[in-house]
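Undergrad: Fold the stuff below for me.
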Amino acid sequence: MPDGSTSTQPRFRLAIVGGGIAGLTLAVALGHYENRASPIEVHLYEAGPEITTVGAGISVWPRTWSVMRHLDLYEQLSRASVQSLGNEGDDLKPAFIFRKSDCPREGFEFGRVMVPNGSTTMHRADMVDVLVKNLPASCSIHTSKRLINYTETSAADGSIVYTLHFADDTTAEADVLIGADGIKSKTRASMYDYAHRRDCLPDVKREDCERCSRATPKWTGTVGYRYLIPTERMLEVNPEHHALKIKAPMSYSGKSKHIITYPISHGKYLNWIGFVTIPGGEGTTYPKKWVIDALKEEVIAHFSGWEPEVEQMIQLVDKPTLWAIHVVENLPFSVSGRVALMGDAVHAMTTHFGAGGGQAIEDAYILGRLLADPRTSLARVPDVFRIYQDVRLPFARGVVNNARKAGLMYEFSWPGLYDGSPAQGLSEEAALAVEKQQLADLGEAIQEIWQWQWKERFEDQWEEAETQYERLVQSAPPVVEDATAKRRRTRNCVLM
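TA: This next block holds a predicted model:
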């Protein structure tokens, strides 16, 4: 394996904290656009003993495929998906199917999200494998490095150096730091600790500060029961089950609850998530650990009395886990100095768009291209980070908020739309007709809120970032690298 050594002086030392989809995609983007005459020394720090992932399924939508084409990963990821996208085009295909399912009688479909080329799903581990295989030799991987916090110190020449403190009592230094360390990001916590001490009233704690408290994840009031159903077992129970026949995510919807299921691992499993929303829970402190083992009986109790297809699925519950769904909502800023946040560290969201991974990938692409440009000197990094924040943060915050709205729609809880209440004073037949019309209106509203996934081009965001970057470099002369960027450093691509 090449060790990535080079005689060229790196512009600066970059630390990526987090070896999930966000951090890996950033490393891949940096390598893809690397200028070998002006490299960056890249270190990726992963908390676990190996590069792996949490969770099972991931959806890949048109915006994400656009990024993967730019990174030359489209073919590899397409082969790893449940269904290859096949020929390109604008044909609308079903990407999400919605059924009303919270009655003992057979449910019925009330809406479809129609997307160009439909949906593609895969196991998260398959995406991680593709990213790992495409890591550049210039990236050093360090495992078992769980960040506790970072500190800022001034070097002899007056520049800021970031010291990363890990749980194993080791430290590392970096000139530039990017936190891709998820919803419980220690990078974000340190950034906001520094910002709160610097900017806010001294007698107000960070968790009570109107601005800085938003860095604390918020419980949505929803929990999700997760498990995988072997497709073979589902075939034995009901070979005509819609979850088997429709190769797209499905929502079995009811009042304050819904089930999402879709195939992963080339159709070997059905990823199954049963969401339960607790009235009044949103914004309160979740009383237990965020992820725990659950009992089969809990799942059955929540979804007992639903349509036959749901009853058939919960017969196959095996070793479910319970996840408390938290978000990072309306984060006021995502960069500070030469520190930036990305992925779930910035915009952890509900799963109702299947967009969390895709938004992290978009962050990674824009950050990677901006940093890889040889004109990005160490002194320019804060301005480059502000461009990234200006382009990405408002958009991602909008996705977080609309994902919440979509989830409420799935559970008949969005004001002004179908709320699950039966029509009064009508015959059973007339009441069902009214209900179906209200659900059809709900289905149209869901289709509309989804359209950003393909109608808003990701390339528009990159073009805006590029325009701002060119304006930056033209408005100021090239900056001479400071001493920290001139130190000779040896780069090795090894698993530590």
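Undergrad: what's the burial count for Ala379?
TA: Burial of Ala379 is recorded as 17 neighbouring residues (other C-beta atoms under 10 Å). The way it works is simple: take the backbone N, C-alpha and C, and place the C-beta from them, glycine included.
Undergrad: From here on, call the first residue 148.
TA: Okay, using 148 as the starting number, the last item reads as Ala526.
Undergrad: Could you report the pLDDT at it?
TA: The per-residue pLDDT reported for Ala526 equals 94.
Undergrad: Please report how far it lies from Phe159.
TA: Distance of Ala526 to Phe159, computed by C-beta to C-beta, to the nearest Å: 10 Å.
Undergrad: Please apply the same query to Asn296.
TA: Per C-beta to C-beta, Asn296 is found 21 Å from Phe159.
Undergrad: Now stretch 189-207: buried residues?
TA: 189-194, 198, 200, 202-207 (16 or more other C-beta atoms under 10 Å).
Undergrad: average pLDDT for stretch 577-589?
TA: Taken as a whole, stretch 577-589 carries a mean pLDDT of 95.
Undergrad: export it as PDB, just CAs?
TA: Coordinates of the C-alpha atoms in stretch 577-589 are reproduced here as PDB (Å, rounded to 0.1, in the frame of the first residue of the first chain):
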ATOM      1  CA  ALA A 577     -70.000   8.100   3.000                       C
ATOM      2  CA  ALA A 578     -67.600   8.500   5.900                       C
ATOM      3  CA  LEU A 579     -65.000   6.300   4.100                       C
ATOM      4  CA  ALA A 580     -65.400   8.300   0.900                       C
ATOM      5  CA  VAL A 581     -64.700  11.600   2.900                       C
ATOM      6  CA  GLU A 582     -61.800   9.900   4.600                       C
ATOM      7  CA  LYS A 583     -60.300   8.800   1.200                       C
ATOM      8  CA  GLN A 584     -60.600  12.300  -0.200                       C
ATOM      9  CA  GLN A 585     -58.900  13.800   2.800                       C
ATOM     10  CA  LEU A 586     -56.100  11.300   2.500                       C
ATOM     11  CA  ALA A 587     -55.800  12.000  -1.200                       C
ATOM     12  CA  ASP A 588     -55.300  15.700  -0.300                       C
ATOM     13  CA  LEU A 589     -52.700  14.600   2.300                       C
END
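Undergrad: Now for the protein, the helix or strand with the poorest mean pLDDT.
TA: Least confident helix or strand, the chain: helix 630-633 with a mean of 38, by mean pLDDT, DSSP states H and E.
Undergrad: Now do the longest strand along the chain: which elements does it pack against?
TA: Scanning the chain for the strand with the most residues, using DSSP state E, yields strand 365-377. The elements that strand 365-377 packs onto, with contact taken as 3 or more C-beta pairs under 8 Å, 6 or more residues apart in numbering; DSSP states H and E, are strand 416-424, helix 443-450, strand 468-474, helix 528-557.
Undergrad: Return the list of helices and strands in contact with the following helix or strand past the longest one.
TA: Pointing back at helix 528-557 there. Moving toward the C-terminus from helix 528-557, the next helix or strand (DSSP states H and E) is helix 575-597. In terms of contact count using 3+ C-beta pairs under 8 Å, 6+ apart, helix 575-597 is assigned the packing partners strand 239-247, strand 255-263, helix 528-557.
Undergrad: Indicate which one of the ones you listed is closest to Ala336.
TA: The closest of the helices and strands packed on helix 575-597 to Ala336 is helix 528-557. By C-beta to C-beta, the value is 17.9 Å.
Undergrad: quick one: buried residues of the closest one?
TA: Buried residues in helix 528-557 (16+ other C-beta under 10 Å): 528-536, 538-540, 542-544, 546-547, 549-551, 553-557.
Undergrad: hang on, the earlier thing: can I get the helices and strands packed on strand 365-377 in TSV including distance to Gln571?
TA: Shown next, in TSV, are the helices and strands packed on strand 365-377 (distance: least, C-beta to C-beta, whole Å):
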stretch	distance to Gln571
strand 416-424	25
helix 443-450	27
strand 468-474	34
helix 528-557	23
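Undergrad: what's the closest of the ones you listed to Pro251?
TA: Closest to Pro251 of the helices and strands packed on strand 365-377 is helix 443-450 (C-beta to C-beta; 11.6 Å).
Undergrad: who's in contact with that closest one?
TA: The contact list for helix 443-450, computed with C-beta atoms under 8 Å, 6 or more residues apart in numbering, reads Tyr372, Lys404, Ile406, Gly421, Val423, Val457, Glu458, Ile461, Val464, Asp465, Pro467, Leu469.
Undergrad: Could you tell me the phi and psi values at the second one?
TA: So the one you mean is Lys404. In terms of degrees, to the nearest 10, the main-chain angles of Lys404 are phi -150, psi 150.
Undergrad: Surely it and Ile425 touch.
TA: No. Lys404 is beyond contact range of Ile425, at 10.5 Å (criterion: C-beta atoms under 8 Å).
Undergrad: any idea how far the closest residue to Glu454 other than its chain neighbours is from Pro396?
TA: In space, and not counting its chain neighbours, Glu454 is closest to Gly254: 3.9 Å by C-beta to C-beta, 6 or more residues apart in numbering. For Gly254, the distance to Pro396 equals 16 Å [C-beta to C-beta].
Undergrad: Quick check: the gap between Val175 and Ala169.
TA: Here the criterion is C-beta to C-beta. By it, Val175 lies 11 Å from Ala169.
Undergrad: swap in Met489?
TA: Distance of Met489 to Ala169, computed by C-beta to C-beta: 5 Å.
Undergrad: Give me the more crowded residue out of those two.
TA: Shown here are Met489 and Ala169; by other C-beta under 10 Å, Met489 has more neighbours (32 against 29).
Undergrad: contacting residues around the more buried one?
TA: So Met489 contacts Ala169, Leu173, Ile325, Gly326, Ala327, Ser481, Ala507, Asp510, Ala511, Leu514 (C-beta under 8 Å, 6+ apart).
Undergrad: try 7 Å
TA: Applying C-beta atoms under 7 Å, 6 or more residues apart in numbering, we find Met489 in contact with Ala169, Leu173, Ile325, Ala327, Ala507, Asp510, Ala511, Leu514.
Undergrad: For the spatially closest residue to it that is not a sequence neighbour, pull up the helix or strand it's in.
TA: Spatial nearest neighbour of Met489, chain neighbours left out: Asp510 (4.0 Å); criterion: C-beta to C-beta, 6+ apart. Assessed by DSSP H and E, Asp510 sits inside helix 503-519.
Undergrad: on that earlier part again, can you list residues touching both of Met489 and Ala169?
TA: With contacts defined as C-beta under 7 Å, 6+ apart, the residues shared by Met489 and Ala169 are Ala327, Ala507, Asp510, Ala511.
Undergrad: To what extent is the first one buried, counted in neighbours?
TA: Residues contacting Ala327 under the criterion other C-beta under 10 Å number 32.
Undergrad: Verify the stated contact: it with Val164.
TA: Yes. Using C-beta atoms under 7 Å, Ala327 is in contact with Val164, at 6.3 Å.
Undergrad: Spatially, and excluding backbone neighbours, which residue is closest to Leu586.
TA: In space, and not counting its chain neighbours, Leu586 is closest to Phe257: 3.7 Å by C-beta to C-beta, 6+ apart.
Undergrad: shouldn't the one you found be in contact with Lys247?
TA: Yes. Between Phe257 and Lys247 there is a contact under C-beta under 7 Å: 5.6 Å.
Undergrad: For the nearest residue to Lys292 once chain neighbours are set aside, give me phi and psi.
TA: In space, and not counting its chain neighbours, Lys292 is closest to Tyr192: 4.1 Å by C-beta to C-beta, 6+ apart. Main-chain torsions, Tyr192, degrees, to the nearest 10: phi -110, psi 120.
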